[in-house]
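Colleague: Quick check, what structure comes out for this input:
(chains A, B, C and D)
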Number of protein chains: 2
Amino acid sequence: MTNIRDVAKIAGYSVSTVSRVINQQNYVSTATRAAIQKVVDELDYAPNDVARDLSRGKTFNVGVVLPHEDHPYFTQLIHGITTAAFAAKYHVVLLSSRYDADLELQYLEGLRRKAYDALIFTSHGLPLSQLAHYRQYGSIVICEHPRDSGIPAAYAHRRTTYRDALIYLKTHGYQRIGLLMSRPIAVSATSQATADAYQMVFGQRPAPEICVTDVITLADGERAAKTYLKRGQHFDAILANSDDIAIGVSRGYQAAGEAVPFLIGQEHQLSGELVHLPTIDHYFKTVGERALQLAISGEKKTIAINSRLITEQ
Amino acid sequence: MTNIRDVAKIAGYSVSTVSRVINQQNYVSTATRAAIQKVVDELDYAPNDVARDLSRGKTFNVGVVLPHEDHPYFTQLIHGITTAAFAAKYHVVLLSSRYDADLELQYLEGLRRKAYDALIFTSHGLPLSQLAHYRQYGSIVICEHPRDSGIPAAYAHRRTTYRDALIYLKTHGYQRIGLLMSRPIAVSATSQATADAYQMVFGQRPAPEICVTDVITLADGERAAKTYLKRGQHFDAILANSDDIAIGVSRGYQAAGEAVPFLIGQEHQLSGELVHLPTIDHYFKTVGERALQLAISGEKKTIAINSRLITEQ
DNA sequence: TCTTGACCTCGAACGCGTTCGAGACCGTAA
DNA sequence: TTACGGTCTCGAACGCGTTCGAGGTCAAGA
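Modeller: Purely as a prediction, here's the structure:
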């Protein structure tokens, strides 16, 4: 493999002059530039990006930690992140975590080892304090409310919209509400926002038995419906954590020959549109764009993107 | 930032011995290992991944070129790729292309400049011959039939299943078939497979007027239906290029108050399942896994994954 | 005429981990 | 006792581009 020293030697100039030619910098005479360019072309020389990254001390890589690849939240977020990364000439490195603490730690170590300039956690299993500890090694951005961690964040401002949704249900006469969540309230900011909104509207924390957690897919929605039925619980309405999941819930009730509660979905997915399901759009693409911008600028900001309740579609 | 030389100096050992300790290699006495480890811990030293990549001449990065992030084909493929990459301890770098030739060239140059060990093209705008030219700089894998390019490939074997689908239509009495495609037959292997299957079943190439191209989203499907209606063309059945798109077609006809032709979708999406749409599953996750394995092993193979026609769901 | 300041080019140090060849030491088999 | 082989450690070269300080040239302004 030919390197910059080969080019310099053959062209009869110093390495630094060659470097200035390939980086299109000033202070190279036209003749010299042409002579060096000729050798570069003849030798089919291209600078080594890894060496360049090493000497510049920067990789232009942003690691994106995501628990699943096939969930709409992450898909939309990734779309926003890659769009913004592309515009800023950064590279997006996908890091699967499955909420595994060891893996997340490995990725944080990657930041320490300079594999990435910045890390975006679309979600996380480790405590925020541990993420915060790694900020000394590089920029870290999370996609949820940072609490008291001080970590820069871009996230969907869910609570207000969840409140809107629950108020909507209440004013339409739905009193007994079931809540579906991807993760337990104790560990998930999203689930907390749901619980907080519930408290605002109904004056108390949601009882544990009205919440079903670990609901991710349509099949989980179906399972949740069966769980409710098996327990003999009755609900007027259910706030599902995605449109697909709401569809699953609907199927679960139908399969059991029971009346389907009123449903509200989330994510504004095609499936919900098909059955005219009320939903909440969190604008995750925008969240992703903002997260990436924070990550590369190093700004210590918190950006909340407003969600929207969509009751007619 | 502390480096391996600092550790060596403070520990009183040579750099190579320290290297052997942090890489858990043999030929270090227990006492030495402990002494060095102590200094490593005290200094909070972590090796620099970029320097390591440079000296090893390998990055463990695989670039994945994809035209869109929000299309099910790519989402499923990415899922397979990240799954396999994770298992092999490789990193997936997402490269948006929008079929832009300049961008694709930039990514190929990235291979030449050692930014990636390998490149997977989930789709491409550049001619295969140009991709083939860059194989001298690193492993390249495509996700379609490689024709005579010799490029290693993992792809969905579509033609046979398209034939099955068209035979299914023919035997059920549907004679006049419309074909929806994401890209023109001239540039897309997928569209070619559709046309080839059509010829096998109906004995002739599909007439240009029965094909609508640039159909990517549900809205495009709706538009395609309107195009057909505007032209006064009648079809007994339409082979759409995704379930979502088929739904769009259905809407287009319904909005115009016209009878909806029999529809077959693709990708086995949730939307199709909801309306019991016949579909074709291409197993793109598997394709992605195989593509990544080819990319990192450097094997010069072509792997075709069989698709499946699903007529009852 | 002297100074100042672009302009051009060079050499060497720097960023940092890996690896190979060599040397020293010790135990065991011949 | 000589040899061979394994263990342990070191120094230096290597992978490769960037950048800073220095030095030389030349023209314009004082």
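Colleague: count of neighbours near whatever residue of the stretch 201-313 of chain A ends up closest to DNA strand C?
Modeller: Proximity of the stretch 201-313 of chain A to DNA strand C (CB to the nearest atom of the strand) peaks at residue A:298, 18.7 Å away. Just so you know, the C-beta spots here come from the backbone N, C-alpha and C atoms, and that holds for glycine as well. Using other CB atoms under 10 Å in any protein chain shown, residue A:298 has 12 other residues around it.
Colleague: Excluding chain neighbours, what is closest to it?
Modeller: Of all residues not flanking residue A:298 in the chain, residue A:139 sits nearest, at 4.9 Å (CB to CB, 6 or more residues apart in numbering or on different chains).
Colleague: ok, what's across the strand from the one you found?
Modeller: residue A:118 (DSSP bridges).
Colleague: Which stretches in the stretch 201-313 of chain A count as strands?
Modeller: Along the stretch 201-313 of chain A, counting by DSSP state E, counting those that start in this stretch, strands occupy A:211-212, A:237-239, A:262-264, A:279-281, A:302-306, A:308-310.
Colleague: In the fifth one, which residues are buried?
Modeller: Spelled out, it's strand A:302-306. Buried residues in strand A:302-306, counted by 16 or more other CB atoms under 10 Å in any protein chain shown: A:302-305.
Colleague: what lines up beside it in the sheet?
Modeller: Take DSSP bridges as the rule and strand A:302-306 pairs in its sheet with strand A:153-157 (parallel).
Colleague: So which residues make contact with the partner strand?
Modeller: Strand A:153-157 has contacts (CB atoms under 8 Å, 6 or more residues apart in numbering or on different chains) with A:141-146, A:189, A:282-284, A:287-288, A:290-291, A:293-294, A:302-307.
Colleague: Quick check: residue A:301 touching residue A:295?
Modeller: No - counting by CB atoms under 8 Å, residue A:301 sits too far from residue A:295 to count as a contact (11.3 Å).
Colleague: For the residue nearest to the spatial centre of chain A, give its distance to DNA strand C.
Modeller: Taking CA atoms, centre = their mean, the centroid of chain A lies closest to residue A:122, which sits 3.2 Å from it. According to CB to the nearest atom of the strand, to the nearest Å, residue A:122 and DNA strand C sit 29 Å apart.
Colleague: Not counting sequence-adjacent ones, nearest residue to that residue?
Modeller: Nearest non-adjacent residue to residue A:122, counting by CB to CB, 6+ apart: residue A:66, 4.6 Å away.
Colleague: Counting neighbours, what do you get for that neighbour?
Modeller: Residue A:66 has 24 neighbouring residues, counting by other CB under 10 Å.
Colleague: Who does it form a beta bridge with?
Modeller: Bridge pairing for residue A:66 - DSSP bridges - gives residue A:96.
Colleague: So for it, what pLDDT did the model give?
Modeller: With respect to pLDDT, residue A:66 scores 93.
Colleague: For it, list the residues it contacts.
Modeller: Residue A:66 is in contact with A:74, A:77-78, A:94-97, A:122-123, counting by CB under 8 Å, 6+ apart.
Colleague: Make JSON lines out of those and add pLDDT.
Modeller: Shown next, in JSON lines, are these (pLDDT from 0 to 100):
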{"residue": "A:74", "pLDDT": "87"}
{"residue": "A:77", "pLDDT": "93"}
{"residue": "A:78", "pLDDT": "92"}
{"residue": "A:94", "pLDDT": "95"}
{"residue": "A:95", "pLDDT": "94"}
{"residue": "A:96", "pLDDT": "90"}
{"residue": "A:97", "pLDDT": "91"}
{"residue": "A:122", "pLDDT": "96"}
{"residue": "A:123", "pLDDT": "93"}
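Colleague: Got a PyMOL select line for the buried ones in those?
Modeller: Buried residues among the contacts of residue A:66 (16+ other CB under 10 Å), as a PyMOL selection:
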select buried, chain A and resi 74+77+78+94+95+96+97+122+123
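Colleague: one step back: quick check on the residue of the stretch 201-313 of chain A closest to DNA strand C: phi, psi?
Modeller: Residue A:298 adopts backbone torsions of phi 70, psi 10, taken as degrees, to the nearest 10.
Colleague: Please give me every residue in contact with the residue nearest to the centre of chain A.
Modeller: Going by CB under 8 Å, 6+ apart, residue A:122 touches A:64-67, A:73-74, A:77-78, A:143, A:291.
Colleague: and what of residue A:64?
Modeller: Going by CB under 8 Å, 6+ apart, residue A:64 touches A:78, A:81, A:92-95, A:119-120, A:122.
Colleague: Likewise for residue A:216?
Modeller: A:68, A:71, A:182, A:245.
Colleague: Also residue A:73?
Modeller: By CB under 8 Å, 6+ apart, the contact set of residue A:73 is A:122, A:242, A:267, A:282, A:284.
Colleague: How about residue A:139?
Modeller: Residue A:139 sits next to A:117-119, A:152, A:294-296, A:298 when contact means CB under 8 Å, 6+ apart.
Colleague: that older thread, for PyMOL, write the selection for the buried entries among the contacts of strand A:153-157.
Modeller: PyMOL command restricting the contacts of strand A:153-157 to the buried ones, with burial defined by 16+ other CB under 10 Å:
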select buried, chain A and resi 141+142+143+144+145+146+189+282+283+284+287+288+290+291+293+294+302+303+304+305+307
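Colleague: What residues does chain A have near DNA strand D?
Modeller: A:1, A:3-5, A:15-16, A:19-20, A:22-23, A:47-48, A:51-52, A:54-56 (CB under 7 Å from any atom of the strand).
Colleague: Separate out the buried members of these.
Modeller: Buried members of the residues of chain A next to DNA strand D, counted by 16+ other CB under 10 Å: A:4, A:19-20, A:47-48, A:51-52, A:54.
Colleague: Which members of those residues are positioned in helices?
Modeller: Among these, DSSP state H puts A:4, A:19-20, A:51-52, A:54 in helices.
Colleague: For those residues, work out which two are farthest apart.
Modeller: Farthest apart among those by CB to CB are A:20 and A:54. That separation is 19.0 Å.
Colleague: need the helices for the stretch 101-250 of chain A, in chain order.
Modeller: Ranges of helices in the stretch 101-250 of chain A, per DSSP state H, counting those that start in this stretch, are A:101-112, A:128-133, A:158-171, A:189-202, A:218-230, A:243-255.
Colleague: out of the ones you listed, deepest packed?
Modeller: helix A:243-255 (a mean of 23; mean count of other CB atoms under 10 Å in any protein chain shown).
Colleague: Does that one pack against any helices or strands, and if so which?
Modeller: With contacts taken as 3 or more CB pairs under 8 Å, 6 or more residues apart in numbering or on different chains; DSSP states H and E, helix A:243-255 sits against helix A:218-230, strand A:262-264, helix A:270-274, helix B:270-274.
Colleague: Show me what the helix or strand bottoming out on mean pLDDT in chain A is packed against.
Modeller: Least confident helix or strand of chain A, by mean pLDDT, DSSP states H and E, is helix A:270-274 with a mean of 87. Other helices and strands packing on helix A:270-274, by 3+ CB pairs under 8 Å, 6+ apart, are helix A:243-255, helix B:243-255, helix B:270-274.
Colleague: quick one, domains of chain A?
Modeller: Split into domains by automatic domain parsing, chain A comes to A:4-47, A:57-156+A:284-306, A:158-281.
Colleague: I'd like to know which of these is closest to residue B:205.
Modeller: Shortest separation from residue B:205 across the domains of chain A is recorded for domain A:158-281, at 33.0 Å, computed as CB to CB.
Colleague: start to end distance for that closest one?
Modeller: 10 Å (CA to CA, to the nearest Å).
Colleague: just stretch A:94-108 next, same as before
Modeller: End-to-end distance (CA to CA), stretch A:94-108: 13 Å.
Colleague: swap in stretch A:7-22?
Modeller: Using CA to CA, one end of stretch A:7-22 lies 11 Å from the other.
Colleague: anything in it near chain B?
Modeller: No - against chain B, stretch A:7-22 shows no contacts by CB under 8 Å from any CB of the partner chain, the least distance being 11.0 Å.
Colleague: Identify all contacting residues around that stretch.
Modeller: Against stretch A:7-22 from outside (CB under 8 Å, 6+ apart): A:4-5, A:26-28, A:32-33, A:35-40, A:43, A:45, A:47.
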